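Chemist: sequence? don't have it. structure:
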């Protein structure tokens, strides 16, 4: 591998699909919620728009399917309905390899951060519990912390700001095309992990430095990356 982590001081992780195998639940919840409001949204739509804020996603799909954006009232109602459906589904398991990567990152002296498009408090609280000792709330960026979510670079630029690290010395781990696009636009080297059903080309098109088939593969190749 030509890509190296030797000069990195911080590692920024996306949450859904990287730390948790939660995307199947998100896919079900989004598709059902949008259908209940008369808007068609396919599972592929969910994966392709993963990482963006709920408002951005709803308005985008509404514009495509209905010819106009959802109102702010609709956005609030749809997102609340989606959250209720999501919370009714079985709890998503930790992504295999996630804790191992965190342990290796900490042992390597990297500052661990999370940058997510999620605004669901239950998920944020769960991260702080499941990864206690590795992550603190002040090093997390959520949809509450930025006006523009992924695919804009704002979440990752905010991550650099709160982590007090420059782009050159940071690396991002992402599983979503829009997340990779956001990180690359922020000038940060990005490792893409394809943990969903999308073709590798959907991720490679956004310009990551490295593509791996899973988070476990990142854990397994950690030493070689140094």
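Modeler: Everything's here; your move. What you are looking at is a predicted structure, and each value in this text was computed from that prediction instead of being measured.

Chemist: in the strand or helix carrying residue 216, what's buried?
Modeler: Here residue 216, judged by DSSP states H and E, is contained in helix 215-220. For helix 215-220, the neighbour count (16 or more other C-beta atoms under 10 Å) marks 215, 216, 217, 218, 219 as buried. (Glycine included, C-beta is placed from N, CA and C.)

Chemist: stretch 90-110 too?
Modeler: 92, 95, 97, 98, 99, 101, 102, 104, 105, 110.

Chemist: how about the lengthiest helix in the chain: buried residues?
Modeler: Selection of the longest helix in the chain by residue count, based on DSSP state H, yields helix 72-88. For helix 72-88, burial by neighbour count (16+ other C-beta under 10 Å) applies to 75, 77, 78, 79, 81, 82, 83, 85, 86.

Chemist: strands of the chain, start to end?
Modeler: Using DSSP state E, the strands of the chain run over residues 10-13, 111-115, 140-141, 170-174, 189-193, 210-212.

Chemist: make TSV out of the ones you listed and add mean pLDDT and mean neighbour count.
Modeler: Below are the strands of the chain laid out as TSV (pLDDT from 0 to 100; neighbours: other C-beta atoms under 10 Å):
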stretch	mean pLDDT	mean neighbour count
strand 10-13	98	26
strand 111-115	97	24
strand 140-141	95	22
strand 170-174	98	27
strand 189-193	98	25
strand 210-212	98	18
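
Chemist: any weak-confidence spans in this protein?
Modeler: Low-confidence segments of the chain (pLDDT under 70): 1.

Chemist: would a markdown table of the buried residues of helix 72-88 with distance to residue 191 be doable?
Modeler: Below are the buried residues of helix 72-88 laid out as a markdown table (distance: C-beta to C-beta, whole Å):
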| residue | distance to residue 191 |
| --- | --- |
| 75 | 32 |
| 77 | 37 |
| 78 | 32 |
| 79 | 29 |
| 81 | 34 |
| 82 | 29 |
| 83 | 29 |
| 85 | 31 |
| 86 | 27 |
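
Chemist: ok, those residues vs residue 117, which is closest?
Modeler: Checking these against residue 117 by C-beta to C-beta gives residue 79 as the nearest, at 11.9 Å.
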